[in-house]
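Here you go, sequence then predicted model.
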Amino acid sequence: MKIKQSNLFVSFILLFVAVIWGGGFVSQKVGAAYLGSSSFNSLRFGLAALALTVLTGRITRIKQIANLTLQTPVFSLCLFLGAQLQQKGLALTTAGKGAFITGLYIVIIPLFHAIIFKERPSKYHWLGALIASLGLAGVSGVTFATVLQGSATGDLLILTAAIIFAAHFVLVERKGSYWDSIDLSISQCIGCATLSLISAIFFESYSLQSIMHATPSILYQSLISVSLGYTLQIWAQRKIPAGQASLILSLESVFGAIAGSYLLGETFDNYQIICAIIMSLGVGIAQLPMFLKKVEATI
């Protein structure tokens, strides 16, 4: 009973993270109107690292955390590349579409397991991936013509970000338990903020006024989405199976679409709504083996 209650509590924590991240698409979209992706990410991840360090009493451990950043460069690099591409993509598409496309990382994760760890995906996963991909094409409106015309650039950038976030998820799943979850979260933020700042210095320009306009978005992203969200994700992934965690977190796409509609007035036509449902169905089918195993375990 205690195990089931603990599992349920962790599931609710991950659902809370999904809500946070869903709302984050709106703040990112708003921030993209004022700052370039590197400038925005350097501020949100830098402030997140500072907030986590102070609020968790890690100031005396800053040297160890800095060393951890140097020991885990792949974690920071994945987070940097994923955040950069996602932020650039959101400047070119809607928050709702960005949320649904990002949610595809749940279908991509088993492919990394197959490629890296030789864990063969089930037939349900291949079927789910195919259905989800068809739904994605309908939601985003991506065709060969739109790709050639460049009008699908934002959606393709976010899709690439989803692939990188899937790699980051697998990294946390396989290697994250070696370190303290908060230390690892802070170290990732420091690494990502540093890489973003270097990129901003060389490739972008910004003003104090633009930073002031983007401040609400930066605060939400740094204090809520990054500081709280990523730390809870790292902690929760140690408590429940990866498939269950990724399925719950994929609900960020639904919450992102709702937030985009309510706060930004974004709309989906009937065709896109149907395709979004098809995409969600594909994601669910891809996770069927996990549920079948849980049912067998209870019989």
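Sure, I can see it.

secondary structure class for Ile258?
Using DSSP: H, G, I helix; E, B strand; the rest coil, the structure places Ile258 in helix.

For the spatially most central residue of the chain, what is the enclosing helix or strand?
Nearest to the geometric centre of the chain sits Phe165, at 5.9 Å (C-alpha atoms, centre = their mean). Applying DSSP states H and E as the criterion places Phe165 in helix 153-175.

Let's see the helix or strand following that helix as CSV, backbone CA atoms only.
Downstream of helix 153-175, the first helix or strand assigned by DSSP H and E is helix 181-203. Taking C-alpha atoms only, helix 181-203 is exported to CSV below (Å, rounded to 0.1, in the frame of the first residue of the first chain):
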residue,chain,number,x,y,z
SER,A,181,19.1,16.0,-7.9
ILE,A,182,19.3,19.6,-6.8
ASP,A,183,23.1,19.8,-7.4
LEU,A,184,22.6,18.3,-10.9
SER,A,185,19.7,20.7,-11.7
ILE,A,186,21.8,23.7,-10.6
SER,A,187,24.9,22.5,-12.6
GLN,A,188,22.8,22.1,-15.7
CYS,A,189,21.4,25.6,-15.4
ILE,A,190,24.9,27.0,-14.9
GLY,A,191,26.2,25.2,-18.0
CYS,A,192,23.2,26.1,-20.1
ALA,A,193,23.3,29.7,-19.0
THR,A,194,27.0,30.0,-19.8
LEU,A,195,26.7,28.5,-23.3
SER,A,196,23.6,30.8,-23.9
LEU,A,197,25.5,33.9,-22.7
ILE,A,198,28.5,33.1,-25.0
SER,A,199,26.1,32.7,-27.9
ALA,A,200,24.2,35.9,-27.1
ILE,A,201,27.5,37.9,-26.9
PHE,A,202,28.6,36.8,-30.4
PHE,A,203,25.3,36.5,-32.3
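
Going by contacts, tell me the helices and strands next to the next helix or strand after helix 181-203.
Using DSSP H and E, the helix or strand that follows helix 181-203 in sequence is helix 208-219. Packing partners of helix 208-219 (3 or more C-beta pairs under 8 Å, 6 or more residues apart in numbering; DSSP states H and E): helix 2-32, helix 37-55. C-betas here are computed from N, CA, C, even on glycine.

list the buried ones in the first one?
Going back to what we said before, that points to helix 2-32. Neighbour counts over helix 2-32 (16 or more other C-beta atoms under 10 Å) mark 10-11, 13-14, 17-32 as buried.

again with the last one
Using 16+ other C-beta under 10 Å as the test for burial, helix 37-55 gives 37-53.

between that helix and helix 153-175, how big is the angle?
Relative orientation of helix 37-55 and helix 153-175, computed by axes from the mean of the first three to the mean of the last three C-alpha atoms, to 10 degrees: 30 degrees.

Please name every helix or strand in contact with helix 37-55.
Contacts defined by 3+ C-beta pairs under 8 Å, 6+ apart place helix 37-55 against helix 2-32, helix 73-90, helix 181-203, helix 208-219.

Helix or strand next in line after the second one, which one?
Read in the C-terminal direction, the helix or strand following helix 73-90 is helix 95-102, with elements assigned using DSSP H and E.

Tell me who's in contact with the residue lying closest to Lys88 once chain neighbours are set aside.
Closest residue to Lys88 apart from its sequence neighbours, by C-beta to C-beta, 6 or more residues apart in numbering: Ser37 at 4.7 Å. With contact set as C-beta atoms under 8 Å, 6 or more residues apart in numbering, Ser37 has these partners: 83-84, 87-88, 91, 196.

Next one: Ser37 from Phe203, what distance?
Here Ser37 is placed at a distance of 9 Å from Phe203 (C-beta to C-beta, to the nearest Å).

Reformat the helices and strands packed on helix 37-55 into JSON lines and put distance to Ala276 and mean pLDDT next to each item.
Output for these, formatted as JSON lines (distance: least, C-beta to C-beta, whole Å; pLDDT from 0 to 100):
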{"stretch": "helix 2-32", "distance to Ala276": "14", "mean pLDDT": "83"}
{"stretch": "helix 73-90", "distance to Ala276": "17", "mean pLDDT": "93"}
{"stretch": "helix 181-203", "distance to Ala276": "30", "mean pLDDT": "92"}
{"stretch": "helix 208-219", "distance to Ala276": "25", "mean pLDDT": "93"}
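
and the ones you listed as CSV, adding distance to Pro241?
Below are the helices and strands packed on helix 37-55 laid out as CSV (distance: least, C-beta to C-beta, whole Å):
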stretch, distance to Pro241
helix 2-32, 9
helix 73-90, 21
helix 181-203, 17
helix 208-219, 34
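
what's the closest of those helices to Val226?
Comparison of those against Val226 by C-beta to C-beta identifies helix 181-203 as nearest, at 6.4 Å.

Surely His125 is in contact with Val107?
Yes: between His125 and Val107 there is a contact under C-beta atoms under 8 Å: 7.4 Å.
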